[in-house]
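A.B. asks: Need the 3D shape of this:
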Amino acid sequence: MSPTTLSAGPECGHVTFLGAGPGDPGLLTLRAVEALASADVLVAEHEVLDVVRTHARQGVAVVPTDTDPSNPVPGTGTPQLTVVDGTSATVGVPAKRDAAHLVMEAARGGRRVVRAVTGDPGLDTDAAAEMLACAAAGVPFEVVPGIASAVGVPAYAGVPLRDAEGADVRFVDARTASGRCWTEVGASDGTVVVSTTLDSVAAAAGELVSAGRKPDTPMTVTVAGTTTRQRTWTATLGTVAQTLKQAKVLPSPDGGRPVIAVVGERSAAAQRDQLSWFESKALFGWKVLVPRTKEQAASLSDQLRSYGAVPHEVPTIAVEPPRTPQQMERAVKGLVTGRYEWIAFTSVNAVKAVREKFEEYGLDARAFAGIKVAAVGEQTAKALIAFGVKPDLVPSGEQSAAGLLEDWPPYDPVFDPIDRVFLPRADIATETLVAGLIELGWEVDDVTAYRTVRASPPPAETREAIKGGGFDAVLFTSSSTVRNLVGIAGKPHNVTVIACIGPATAKTAEEHGLRVDVMAPEPSVHKLAEALADFGMRRRAAAVEAGDPVTRPSERRPGARRRRSTT
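C.D. replies: Next up is the predicted model:
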């Protein structure tokens, strides 16, 4: 492929100018998600691409309008044309072509182009120029509004822009504002929302004071708004420079990060402690290591994000088929021929292994007709339901092999025509369930449905973050995740909060010299995440009550290591 392939023919496509919002991917509109799903080409700055690309279809061409500072093209600094599925070649796009030219080029040949911008397209001057270019060339386009940064960021900072009295609200872009503009907003007593940069916010405050605003007028300054990097400072027009200096906010080499500042007596800046709902989330900004198989990490990561955390998934276990599949094949055939009274699933991976074998033989959930199904754990039950099978038995108490045995009925030759149980499980599973079922009078076909092996080590920077205290917490969901993480990446630093799913996992962690801070009240990954959130909230409350700044565990570096010694 060459850059000229974007101009495949004279036929014009269609362009959607899309507002990606201020940074939180959850603020994309439903219409934005629909447009992204049908796009052939996606044009945006790298920062915006991070927000929208997960909703784009596989194979969409991605055209950055700037160079990714974290991954520049060696020796060029030119934008790149890449493909989301990672299978197509990467080609340079001439650096001197502006975004309007890229959009027009992409639209030729009948392609559907999405041009994504931060905030709302109606407030983006570049987007306006690109719309005019489309109109002049006869290229059809539409506009999908987004949440403007000047509105969304204050909402996430806990700063309502209007009070019950309906204060006037003015919006100013300090980077382009004229002296007349400052004079007008300075003469008003309403709320002023200023879009500026961190390096220039003190100068903007000075312009407002010069224009007539009192130096003691309340002011909030928010950087990285609506993201888990968000940080807000409360000050006044006269003290904001000193406040940022005390917070050790240093000048940026790139001219300063964009910020939204809110100024006004009635902007509720003084009430931000009560209204700061986002930054006061239990795990706000915490980097949490999730060492599980990649397939199992998704729902846990989503839950952690709801608490404000930044999950980092590091697979420690890889799941592979059994070395000899004949035993599994015989057992699946036995399901169809009526060999079993029960089948018991103790993990999502067991469900997946049986389902894959079913599909290999052209079977579906109907093959379970007449067979009783047991499942350990909420996620295992959900995986079965997704397969079209509703479990007959889920432990009423502890979600474990022991909990399942508590509820499992003994074999009764009068009521049970068949005395055999099919138990598909991992090669390293314990014998507790097998022994318990035999004691209840059942015959058990204990079949290795999958093997668990240690995953490959994570990248060097991840290993260094684990050992150096770059993570705030790590969640261990089994003893094997403890052993494997330590084996492939080393021990987590002593400042890292260690959370374990149950006593057995906690014991393994302690045997590896780790201090266990959090334990789930019951063996469930979601209860484990809840327990970590409760820990974080208590930690935050203690800091506030003591008058100390709220910090993340990784921001503290005690001199002595607080490890449990191994015995």
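A.B. asks: can you map out the strands along the stretch 201-350 of the chain?
C.D. replies: When secondary structure is read from DSSP state E, counting those that start in this stretch, the stretch 201-350 of the chain shows strands at 218-223, 231-236, 258-263, 287-290, 310-313, 317-320, 342-345.
A.B. asks: rank those strands by pLDDT, which is bottom?
C.D. replies: Least confident of these, judged by mean pLDDT, is strand 317-320 with a mean of 80.
A.B. asks: Can you give the strand pairings for that strand, parallel or anti for each?
C.D. replies: strand 443-454 (antiparallel) (DSSP bridges).
A.B. asks: on that earlier part again, could the strands of the stretch 201-350 of the chain go into a markdown table alongside mean neighbour count and distance to residue 368?
C.D. replies: C-beta coordinates here come from the backbone N, C-alpha and C atoms, glycine included. Converted to a markdown table, these look like this (neighbours: other CB atoms under 10 Å; distance: least, CB to CB, whole Å):
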| stretch | mean neighbour count | distance to residue 368 |
| --- | --- | --- |
| strand 218-223 | 25 | 54 |
| strand 231-236 | 20 | 53 |
| strand 258-263 | 26 | 56 |
| strand 287-290 | 24 | 32 |
| strand 310-313 | 20 | 32 |
| strand 317-320 | 17 | 22 |
| strand 342-345 | 26 | 7 |
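A.B. asks: So for residue 274, which of the ones you listed sits nearest?
C.D. replies: Of all these, the one in closest proximity to residue 274, counting by CB to CB, is strand 231-236 (12.3 Å).
A.B. asks: helices or strands up against that closest one?
C.D. replies: If you count contacts as 3 or more CB pairs under 8 Å, 6 or more residues apart in numbering; DSSP states H and E, strand 231-236 packs onto strand 218-223, helix 240-246.
A.B. asks: Show me which parts of the longest one are buried, residue by residue.
C.D. replies: Judged by neighbour count using 16 or more other CB atoms under 10 Å, the buried positions of helix 240-246 are 240, 243, 244.
A.B. asks: Residue 542 is nearest to which of the strands of the stretch 201-350 of the chain?
C.D. replies: Of all these, the one in closest proximity to residue 542, counting by CB to CB, is strand 287-290 (19.7 Å).
A.B. asks: Could you tell me how far that closest one lies from the centre of the chain?
C.D. replies: Here strand 287-290 is found 11 Å from its chain centre; the criterion is CA atoms, centre = their mean, to the nearest Å.
A.B. asks: OK, contacts around the residue in the chain sticking out farthest from the centre?
C.D. replies: Residue distances from the centre of the chain (CA atoms, centre = their mean) peak at residue 414, which lies 52.9 Å from the mean C-alpha position. With contact set as CB atoms under 8 Å, 6 or more residues apart in numbering, residue 414 has no partners.
A.B. asks: sec struct for it, please.
C.D. replies: Under DSSP: H, G, I helix; E, B strand; the rest coil, the three-state class of residue 414 is coil.
A.B. asks: Over to residue 116?
C.D. replies: Going by three-state DSSP, the secondary structure assigned to residue 116 is strand.
A.B. asks: still on that earlier bit, got the helices and strands packed on strand 231-236 as TSV, with distance to residue 388 columns?
C.D. replies: Compiled in TSV, these are given as follows (distance: least, CB to CB, whole Å):
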stretch	distance to residue 388
strand 218-223	48
helix 240-246	58
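A.B. asks: just to revisit the earlier point, what about the strands of the stretch 201-350 of the chain, which gets the closest to residue 13?
C.D. replies: Distances from residue 13 to each of these were compared using CB to CB; the minimum, 31.3 Å, belongs to strand 258-263.
A.B. asks: returning to that earlier point: so which of the helices and strands packed on strand 231-236 is nearest residue 49?
C.D. replies: Evaluated over the helices and strands packed on strand 231-236, closeness to residue 49 peaks at strand 218-223, with 20.4 Å, by CB to CB.
A.B. asks: ranges for the helices of the stretch 1-150 of the chain?
C.D. replies: Taking DSSP state H, counting those that start in this stretch as the test, the helices found in the stretch 1-150 of the chain are 30-37, 46-52, 99-107, 125-137, 149-157.
A.B. asks: Report the distance from the strand or helix carrying residue 404 to the chain centre.
C.D. replies: Counting by DSSP states H and E, the secondary-structure element that holds residue 404 is helix 401-407. The chain centroid and the centroid of helix 401-407 are separated by 34 Å under CA atoms, centre = their mean.
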